[in-house]
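Asks: below is the structure, and that's it, no one-letter string:
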Ligand code: SF4
């Protein structure tokens with residue numbers, strides 16, 4: 001697995017690619033500085049969400065002059081006169097010759113729509129399954145994780161903005177075609193491959209071909225996604241995806257528009273389609289102060305999930321830390337997360353987890369039948385496992401929904 005050179009023609013001249021570690025360190029420094037400044041002035045770190053707005057548009061005349069070896073003709077697009085329209089996600093970018101898509105990964109050149117993100121991940125790592133997070137899918141197994149640059153949304157809070165808001169020419173990339181991903185995953189003792197970190201829908205073709213090959217070779221596929229995808233490409237993809245973690249970023253169209261430059265309805269459709277297609281999934285809801293911490297909205301979201309029979313799909317409330325364009329906010333108060341968890345329980349959600357907080361028990365799986373802890377987690381480590389191979393509680397026999405493997 002070789003790292004490729006940056007495309008110096010298309011990359012930003014003289015700019016260092018931000019490494020993930022460097023980015024995290026810089027972000028933590030910025031957080032600390034912001035917190036100190038706010039404390040000094042007696043501020044609470046809170047700003048109303050309506051002062052900022054996420055926006056997205058096609059990049060006119062921003063395609064490279066020529067394609068590179070990591071290009072491939074796109075799937076799911078149609079010609080519209082002199083232009084082309086990508087049909088992979090609800091953005092449905094219409095490109096004129098020489099344009100680049102909202103996700104930065106697609107260009108219209110030589111009469112065809114091409115992806116520039118095929119076999120060139122900028123992030124490659126072996127993670128524990130619990131990091132995705134997936135708590136009810138083969139716990140304590142290793143998962144080979146890849147991401148390319150690019151994303152179809154513009155979340156103000158993005159924690160991976162250094163890659164999600166970059167084009168593939170701006171990141172340092174590995175040379176890893178689908179067969180190499182599968183080989184490396186197998187050699188690394190991984191049960192599964194994850195398409196993750198940035199938004200895999202933005203590297204749909206690479207994910208699709210890799211997932212198909214991985215399935216053929218006996219590996220599982222995990223899609224960690226914002227759920228912002230159209231139905232036809234989603235149904236095609238579901239043939240090869242075993243599990244997903246789907247972000248449900250809020251439960252209001254207005255917030256989706258201002259915070260993420262997206263829409264809620266397509267994400268709800270994705271949740272429904274994944275169930276219809278037999279894909280196991282868990283939902284993540286990031287609670288951001290001033291944006292997505294309205295407890296009435298959280299109650300409506302949980303009510304919707306229960307009303308439609310999703311109460312046995314795990315729901316992860318995740319704590320926000322200041323990132324990207326929301327560095328002026330403070331982290332979510334832990335009590336807000338606890339209250340969100342209580343609301344979800346009252347509405348009927350059976351498996352509710354609180355993430356990014358150091359609280360004992362917040363990530364344990366509790367049997368809804370007898371109340372016993374059937375999976376205990378400390379960080380990403382499973383320290384106790386009381387689920388039978390049939391997927392039932394070892395104490396009372398209650399079915400614990402999920403896809404359980406031996407731990
Ligand atoms: S996948 Fe990319 S190119 Fe296709 S519609 Fe979405 S943002 Fe546009």
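Replies: Received the coordinates, thanks. Fair warning: this is a prediction, and the values are worked out from it, not measured in the lab. Numbers count the residues shown, from 1 in each chain.
Asks: pretty sure residue 208 is in a helix, no?
Replies: Yes. Counting by DSSP: H, G, I helix; E, B strand; the rest coil, residue 208 is found in a helix.
Asks: look up how far residue 163 lies from it.
Replies: Applying C-beta to C-beta, to the nearest Å, the value for residue 208 to residue 163 is 20 Å. Any C-beta I mention is one placed from the backbone N, CA and C, and that applies to glycine too.
Asks: name the nearest residue to residue 304, sequence neighbours excluded.
Replies: In this structure, residue 304 finds its nearest non-sequential neighbour in residue 251, 7.0 Å apart by C-beta to C-beta, 6 or more residues apart in numbering.
Asks: which helix or strand contains that neighbour?
Replies: Here residue 251, judged by DSSP states H and E, is contained in no helix and no strand.
Asks: count the residues that sit near it.
Replies: 23 (other C-beta atoms under 10 Å).
Asks: so who does it touch?
Replies: 264, 297, 298, 300, 301, 304 (C-beta atoms under 8 Å, 6 or more residues apart in numbering).
Asks: tell me the contacts of the first one?
Replies: Which is residue 264. Contact analysis of residue 264 by C-beta under 8 Å, 6+ apart lists 250, 251, 252, 253, 256.
Asks: just to revisit the earlier point, quick check, nearest of the contacts of residue 251 to the ligand?
Replies: residue 264 (16.5 Å; C-beta to the nearest ligand atom).
Asks: give me the buried entries from the contacts of residue 251.
Replies: 264, 298, 301 (16 or more other C-beta atoms under 10 Å).
Asks: return the residues of this structure in contact with the ligand.
Replies: Residues of the chain lying near the ligand by C-beta under 6 Å from any ligand atom: 86, 88-89, 91-93, 101-103, 106, 152, 201-202.
Asks: tabulate those (JSON lines), appending neighbour count and pLDDT.
Replies: Listed next are the residues of the chain next to the ligand as JSON lines, based on neighbours: other C-beta atoms under 10 Å; pLDDT from 0 to 100:
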{"residue": "86", "neighbour count": "28", "pLDDT": "98"}
{"residue": "88", "neighbour count": "30", "pLDDT": "98"}
{"residue": "89", "neighbour count": "26", "pLDDT": "98"}
{"residue": "91", "neighbour count": "23", "pLDDT": "98"}
{"residue": "92", "neighbour count": "13", "pLDDT": "98"}
{"residue": "93", "neighbour count": "25", "pLDDT": "98"}
{"residue": "101", "neighbour count": "30", "pLDDT": "98"}
{"residue": "102", "neighbour count": "23", "pLDDT": "98"}
{"residue": "103", "neighbour count": "29", "pLDDT": "98"}
{"residue": "106", "neighbour count": "28", "pLDDT": "98"}
{"residue": "152", "neighbour count": "28", "pLDDT": "98"}
{"residue": "201", "neighbour count": "28", "pLDDT": "98"}
{"residue": "202", "neighbour count": "29", "pLDDT": "98"}
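Asks: can you redo those residues as TSV with secondary structure?
Replies: Output for the residues of the chain next to the ligand, formatted as TSV (three-state DSSP):
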residue	secondary structure
86	strand
88	coil
89	coil
91	coil
92	coil
93	coil
101	coil
102	coil
103	coil
106	strand
152	coil
201	helix
202	helix
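Asks: just flag the most distant two among those.
Replies: Greatest spacing in those, by C-beta to C-beta: 92 and 202 (13.9 Å).
Asks: of the buried ones among the contacts of residue 251, closest to residue 356?
Replies: In terms of C-beta to C-beta, no member of the buried ones among the contacts of residue 251 lies closer to residue 356 than residue 298, at 16.4 Å.
Asks: pretty sure that closest one contacts residue 343?
Replies: Yes. If you go by C-beta atoms under 8 Å, residue 298 and residue 343 touch, sitting 5.6 Å apart.
Asks: okay, now the domains of the protein?
Replies: Residue ranges for the domains of the chain, per automatic domain parsing: 123-363, 364-407.
Asks: could the ones you listed go into CSV alongside distance to residue 78?
Replies: Compiled in CSV, those are given as follows (distance: least, C-beta to C-beta, whole Å):
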stretch, distance to residue 78
domain 123-363, 11
domain 364-407, 36
